[in-house]
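Participant: coords below, sequence missing:
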């Protein structure tokens, strides 16, 4: 009887782990399927998706130890990464890790589309250190996070930023370190264009980023808080490595070895 109780208990644990694994796989698959481009910056500028949106080095961009694996380090003097043309998107999430080390109180670019045509996205810091999201011809054009400032208090600290834009919902949400901080509303909207663009710079000049950037990813969908938190907690490499059955087989093998 006691052995049967142990077996039931072990099987219950197995089912619990099995359920967790299925949820993890579904989450990872959903994120991978929605990713238009993803750059982990682990000693290269390759796109982790199957879309082939590889970046190219600008200036003297370097690889350094990042939040996950490696990151790019930019001097604030013309460094960055150029990215290719991307499809227009009515829904988009842009997420990345940021560590500013200088140029506090100046324009600083995370990603700006080349030029400033209809639908062009500029995601950058303003001279007042506000986190911004701009889409040309939207009303309003510029929306800013209401609380967080990347100023001297945040200097040299890693901050995860996710911007979630929806033309159908006429809003944009700012997630800081995985938590929804604020939401901006629009009265007029259009699709967002995110490439060709530059990470860490702008072809208009004078807005170079000084610091480190890691785990830069663009999705063609609206991520919720749970999705964003998964990016914060796991990182791109772990999400991309999740496959069905890997942990399940290991768990079941462990159970069989004990009985």
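Facilitator: In hand now; what should we look at? The model shown is predicted, which means the values in this text are computed figures rather than measured ones.
Participant: need the contact list for the residue nearest the centre of the chain.
Facilitator: The centre of the chain sits closest to residue 95, judged by Cα atoms, centre = their mean, with a distance of 2.2 Å. Contact analysis of residue 95 by Cβ atoms under 8 Å, 6 or more residues apart in numbering lists 160, 161, 162, 163, 175, 215, 216, 217, 219, 223, 228, 231. C-beta here means a position set from N, CA and C on the backbone, and glycine is covered the same way.
Participant: Out of those residues, flag the one nearest to residue 188.
Facilitator: Proximity of the contacts of residue 95 to residue 188 (Cβ to Cβ) peaks at residue 163, which lies at 18.6 Å.
Participant: which element follows the host helix or strand of that closest one toward the C-terminus?
Facilitator: Taking DSSP states H and E as the criterion, residue 163 maps to strand 159-166. Next along the chain after strand 159-166, taking DSSP H and E as the criterion, comes strand 171-176.
Participant: counting contacts, what elements does that next one pack onto?
Facilitator: With contacts defined as 3 or more Cβ pairs under 8 Å, 6 or more residues apart in numbering; DSSP states H and E, strand 171-176 has these neighbours: strand 130-135, strand 142-149, strand 159-166, strand 179-185.
Participant: just to revisit the earlier point, JSON lines for the contacts of residue 95, including pLDDT, neighbour count and distance to residue 53?
Facilitator: Output for the contacts of residue 95, formatted as JSON lines (pLDDT from 0 to 100; neighbours: other Cβ atoms under 10 Å; distance: Cβ to Cβ, whole Å):
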{"residue": "160", "pLDDT": "98", "neighbour count": "21", "distance to residue 53": "21"}
{"residue": "161", "pLDDT": "98", "neighbour count": "21", "distance to residue 53": "20"}
{"residue": "162", "pLDDT": "98", "neighbour count": "25", "distance to residue 53": "19"}
{"residue": "163", "pLDDT": "98", "neighbour count": "24", "distance to residue 53": "18"}
{"residue": "175", "pLDDT": "98", "neighbour count": "25", "distance to residue 53": "23"}
{"residue": "215", "pLDDT": "98", "neighbour count": "26", "distance to residue 53": "15"}
{"residue": "216", "pLDDT": "99", "neighbour count": "25", "distance to residue 53": "11"}
{"residue": "217", "pLDDT": "98", "neighbour count": "24", "distance to residue 53": "11"}
{"residue": "219", "pLDDT": "98", "neighbour count": "25", "distance to residue 53": "13"}
{"residue": "223", "pLDDT": "98", "neighbour count": "25", "distance to residue 53": "18"}
{"residue": "228", "pLDDT": "98", "neighbour count": "23", "distance to residue 53": "21"}
{"residue": "231", "pLDDT": "97", "neighbour count": "23", "distance to residue 53": "18"}
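Participant: now these in CSV, with distance to residue 27?
Facilitator: Below are the contacts of residue 95 laid out as CSV (distance: Cβ to Cβ, whole Å):
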residue, distance to residue 27
160, 17
161, 20
162, 15
163, 20
175, 16
215, 16
216, 20
217, 14
219, 13
223, 11
228, 12
231, 10
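Participant: nearest to residue 240, of those residues?
Facilitator: Set against residue 240, the nearest of the contacts of residue 95 by Cβ to Cβ is residue 217 (10.4 Å).
Participant: Can you spell out which residues form a bridge with the closest one?
Facilitator: Bridge pairing for residue 217 (DSSP bridges) gives the partners residue 38, residue 95.
Participant: quick one: it and residue 231 touch, right?
Facilitator: Yes. Using Cβ atoms under 8 Å, residue 217 makes contact with residue 231 at a distance of 7.3 Å.
Participant: which of the residues in stretch 80-90 are buried?
Facilitator: 80, 81, 82, 83, 86, 89, 90 (16 or more other Cβ atoms under 10 Å).
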